[in-house]
Structure formats: structure tokens, C-alpha cells
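> predicted structure and sequence below. I'll ask about it afterward.
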Amino acid sequence: MKPINVGLLGIGTVGGGTFSVLERNRAEISRRAGRAIAITVVADKDLARANSIVAGRARVIDDAWAVVADPGVDIVVELIGGTKVARDLMLKAIDNGKHVVTANKALLANHGNEIFAAAQKKGVMVAFEAAVAGGVPIIKSLREGLAANRIEWIAGIINGTSNFILSEMREKGAGFDDVLKQAQQLGYAEADPTFDIEGIDAAHKLTIMAAIGFGIPMQFAAAYTEGISKLTRDDIQYAEQLGYRIKLLGITRRTPNGIELRVHPTLIPAKRLIANVEGVMNAILVKGDAVGQTMYYGAGAGAEPTASAVVADLVDVARTMTADPEHRVPHLAFQPDQLSDIAILPMGEVVTAYYLRLRVLDKPGVLADITRILADMEISIDAMIQKEPHEGEDQTDIIMLTHRTVEKNVNTAIGRIEALPVVAGKVTRIRLEELDK
Ligand code: NDP
Ligand code: HSE
């Protein structure tokens, strides 16, 4: 059979990994795909670096537009990142009748609805396994392996950089900025690392998983996003003392009032498998009504793990490109005319448990004032520790875990607690999930 010709846009971390994996496993891959898959043309801004990687095995140019217009290219692999040029290139490639493979979660979370509609109209595929959790085949699992289920919730560690930072801070007492630099050197971080540490990248990935899990359009703008940049070593240690570990989790859940779509640091019981996922590894728990909980684990970033997903998509596209588009797996798992418009639940309506840390004056009556406010807002306390003040200090930390309660009540209680004259500064609030049901 005629080989599949691939045009690669961007030969940086993931593009470089994709080029090497395709070359190294060429024979295995063609045994699987039923035909050879070869990168015939590479476009990158940095020609010298691109040429040094490609070493004469493909044509190297600096004009990505020439690749999407090239009649000899069957599949375009977009690995340049960003949401502007990448969007335009992808829409042009689709318009030119090319299938597209991408790892670009920012692009899909922001413009996926437009891109999938264009692909549907043209009868081409847009494959994006690498966009969520690097090398972990979570898209295929959600879209195909769990197709019998009504998905109830998905919760995952889906940003390798922030998990790496949290692990290094907890295990080695390392400083935030130093570990972030390391993650950048290792090729894990986004071009703009605030996407990693402020939870934006995780929210992009969660948006994609929610769309596939629940059969809804991409609704990134409605996601609640909070990152790890304000976490302190004290909170990490207090959580440990209470039997929990803090992870940046993306959580999406079907509730009777709407779909939760939220990314934030979360206390998880230390005994749970997912609490022990460290470093750049990712893990996603999916709860289906028939199967119960399932967990998917693996490297969430880096050149070859991500390339593993890109190349798997190439094989998938190669296998099905001659099939009638009607008989392919729908991009978002559900038939495009069957997407549902269930609303995203505002964060204030979300029900979860909380870790609260307060800096207070160490004097009688303080605790009573605080617990009265909590009781008034129907917030019940599950556990509490009060630290001894350091020598010569008159302030101390109180740490409380609450039972599940609605977030808007916690917001009101925090406002009232912060207004007490005996409370110093802001209350630290971290959400807590047992992940047991
Ligand atoms: P890199 O920055 O390492 O690679 C991008 C490459 O594309 C660079 O060589 C860049 O050149 C080039 N490029 C940028 N714009 C253009 C353009 N207009 N025309 C031609 N070449 C261009 O990024 P990554 O490989 O890390 O990431 C690529 C994509 O994969 C992103 O969407 C990212 O979110 C996603 N991803 C990354 C993962 C990872 O572990 N790194 C994991 C999963 C997904 P120059 O450097 O000169 O700008
Ligand atoms: N910056 C991302 C991460 C890359 O750290 O998870 C993988 O999507």
C-alpha cells in the first residue's frame, strides 16, 4: 500500500520526539498501520536546529503554510503550540482536506468546537491523544473503552510540571522557582509556564475530557481555575500530618444541577493510589456507572512519552482514513448532533470539603468565635489541629478540615472570619476530596 506522507509543523520537544520514535520504530509501526508512515516534510522557525535533528531524512523548510498546502501531504501534525497561528494553520489544513494530529490542548479547549465542526464538514479527522496527559491513552479510553458507561466523574493529575514541583517541594524541601526551572529544562513546561503553575493547562485538558466524558461542547471559559503558586510548605506539611497529600487536580462531575469543571490544589487521602503519583507522572480516575472507578497512569509530559501518543494517533488515522467518515469514531465520542447543552455549575454551587488554615491570636475565646461563624453557615468540622505559638510569639495557626458543604457558604464564612480582629491576614482555603465514591 502507498505510504502515508506526514507534514510536521514544529520540531521542538514533542516534534523531535515524534520524529525519533517514528524513525526508530518504523517497522513495528508499519506492521500495525498496514502501511509505512513517513514524515516527508518538516517546518520549523529554527532551520539549523531542525536540520540537525532531521539529518537529511526529510525536507526541512521554515514555512508552515507550505506544508498545509502541499498536495503530497496526507496528514499534518501540528506541534508548534499556541492558539493563533496554530488555529489558522489547522483550519487551512482541514480546508485542504488533510487529516490533522495535534498535542495542542490550549487550541482545542479554546477553538475545538470550531475546529471539529470544520473537520466534520470536510470529512477529515482531528486526532489529539497527546493533548491530555502526555503518553497516557486517556482519550481513547474515555472515548472508546468506556463507551458503555454513563460517566459520573473524572478527576486527574493532568499537569506534569505542577506535580513535579509539588513532589520536589514535599520530598526534598526544594524551592518553587528552582523546581520550575528544572521542569523547563526537562521540556515539561509550556512556553508560558504560568499555564502550568496557575492551573490553566490542566483546565484546558479537563475541558477536553469533560467534553468527551459527558458529550458536551468545549467550555473552557466556564472552568474554575486555581493553581499551585500560592501553596506553602506549611500547608503541604500540615496536610501530611492530617493524613492527606496536596495535588493539583482537575475535577469534572455530573451533578443534578450542572457539570462541575474545576482545577485547584486538592487534599487527597494519602492512602489513595492517586495521592502517590509523583513527579512528572499523571493519573486520571474515571468513574463510570457500570465499570466503577478506573485509573490511567503514565508520563504526562516530555518528548518521547508525548510522541508515543502522537504516533498512536498517526496509526489510528492511517487505519481509518479510507473509511467512510460516518463510520469513524466521533471526535468528541458522541455523535456531533447528540451533544448536550448541560450547563457548567458555578463554583459557588459546588459541594466539597475544605482545609482551612487561619493565623490567630493565641487567647481564650478565639476558637469559639470561629466555630460560631462556621456553625451559622452550616459548616461542620471534621478535624482540627492548633499549633503551639513559637517562643516569644502571640500568634499561632489553627488548621481545620470541614465536612462537605456548599462553596458559597464557605466563602461567606471566610469573609466573616477574616473580619475578626483576632484573625491575622487571609484564611488559606484548600479543597478536599475523598475520591471514594
Ligand atoms: P517547543 O517550543 O519545544 O516546540 C515548538 C516548535 O515549533 C519550536 O521549534 C518552534 O520554534 C516551532 N514553531 C513555533 N511557531 C512556528 C511556526 N509558526 N512555524 C514553524 N515552526 C514554529 O514546544 P513543545 O514541543 O513542548 O510543545 C508543542 C505542543 O505540544 C504544544 O501545543 C504543547 O502544549 C504540546 N504538548 C507539549 C508537551 C511537552 O511535554 N512538552 C506534552 C504534551 C503536549 P521556535 O522555538 O524557534 O519558536
Ligand atoms: N506542560 C504540560 C505539563 C505538558 O507539564 O503537563 C504536557 O501537556
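Cool, got the structure. Residues are numbered from 1 along each chain as shown. Ligands and ions are numbered 1, 2, ... in the order given.
> and for the closest residue to ligand 2 within the stretch 201-350 of the chain, the neighbour number?
Proximity of the stretch 201-350 of the chain to ligand 2 (Cβ to the nearest ligand atom) peaks at residue 301, 3.7 Å away. C-betas here are computed from N, CA, C, even on glycine. Neighbourhood size, residue 301 [other Cβ atoms under 10 Å]: 27.
> just checking, it touches residue 281?
No: taking contacts as Cβ atoms under 8 Å, residue 301 lies outside contact range of residue 281: 9.5 Å.
> common neighbours of the two, please.
The contact sets of residue 301 and residue 281 overlap at residue 160 (Cβ atoms under 8 Å, 6 or more residues apart in numbering).
> the nearest residue to residue 434 once chain neighbours are set aside: what's it in contact with?
Excluding its sequence neighbours, the residue lying closest to residue 434 (Cβ to Cβ, 6 or more residues apart in numbering) is residue 269, at 6.2 Å. Contact analysis of residue 269 by Cβ under 8 Å, 6+ apart lists 243-245, 275, 434-436.
> same question for residue 241.
With Cβ under 8 Å, 6+ apart, residue 241 has these contacts: residue 385.
> for it, what are phi and psi?
Phi and psi for residue 241, reported as degrees, to the nearest 10, are phi -60, psi -30.
> any idea how far it lies from residue 166?
Look at residue 241 and residue 166: by Cβ to Cβ, to the nearest Å, they are 17 Å apart.
> around ligand 2, pick out the residues from the protein.
Within reach of ligand 2 by Cβ under 6 Å from any ligand atom, the chain has these residues: 134, 159-161, 188-190, 196, 201, 300-301.
> what segments of the stretch 251-400 of the chain are strands?
258-269, 281-288, 292-299, 351-361, 381-386, 395-402 (DSSP state E, counting those that start in this stretch).
> pLDDT score for the residue nearest the centre of the chain?
The centroid of the chain falls nearest to residue 202 when counting by Cα atoms, centre = their mean (3.1 Å). The per-residue pLDDT reported for residue 202 equals 98.
> ok, it touching residue 251?
No: in this structure residue 202 lies outside contact range of residue 251 using Cβ under 8 Å: 10.0 Å.
> mutual contacts of these two, please.
residue 263.
> what's the residue nearest to residue 188 when sequence neighbours are not counted sitting at in phi/psi?
Counting by Cβ to Cβ, 6+ apart, residue 188 lies nearest to residue 301, which is 4.1 Å off, once chain neighbours are set aside. Main-chain dihedrals, residue 301, degrees, to the nearest 10: phi -160, psi 170.
> so what's residue 301 up against?
134, 160-161, 187-188, 280, 282.
> near ligand 1 at all, the host helix or strand of the residue nearest to the centre of the chain?
Element membership of residue 202 [criterion: DSSP states H and E] is helix 200-214. No: using Cβ under 6 Å from any ligand atom, helix 200-214 never reaches ligand 1; the gap is at least 7.2 Å.
> sheet partners, orientation included, of the helix or strand just after that helix?
Counting by DSSP H and E, the next helix or strand C-terminal to helix 200-214 is strand 224-225. Its sheet considered, strand 224-225 pairs with strand 258-269 (parallel) by DSSP bridges.
> tell me the angle the strand it pairs with makes with helix 200-214.
Orientation check (axes from the mean of the first three to the mean of the last three Cα atoms, to 10 degrees): strand 258-269 against helix 200-214 gives 120 degrees.
> only alpha carbons, please: show strand 258-269 as CSV.
Taking Å, rounded to 0.1, in the frame of the first residue of the first chain, the C-alpha atoms of strand 258-269 are listed here in CSV:
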residue,chain,number,x,y,z
GLY,A,258,-24.9,21.0,36.1
ILE,A,259,-21.4,19.9,35.4
GLU,A,260,-18.6,20.7,37.7
LEU,A,261,-15.5,21.9,35.8
ARG,A,262,-12.7,22.9,38.2
VAL,A,263,-9.0,22.8,38.7
HIS,A,264,-7.4,23.6,42.0
PRO,A,265,-5.0,22.3,44.6
THR,A,266,-6.8,19.5,46.5
LEU,A,267,-6.1,17.5,49.6
ILE,A,268,-6.5,13.7,48.8
PRO,A,269,-6.2,10.9,51.4
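> residues in contact with whichever residue of the chain sits closest to ligand 1?
As assessed by Cβ to the nearest ligand atom, ligand 1 sits closest to residue 12 within the chain, at 1.9 Å. Contact analysis of residue 12 by Cβ under 8 Å, 6+ apart lists 44, 79-81.
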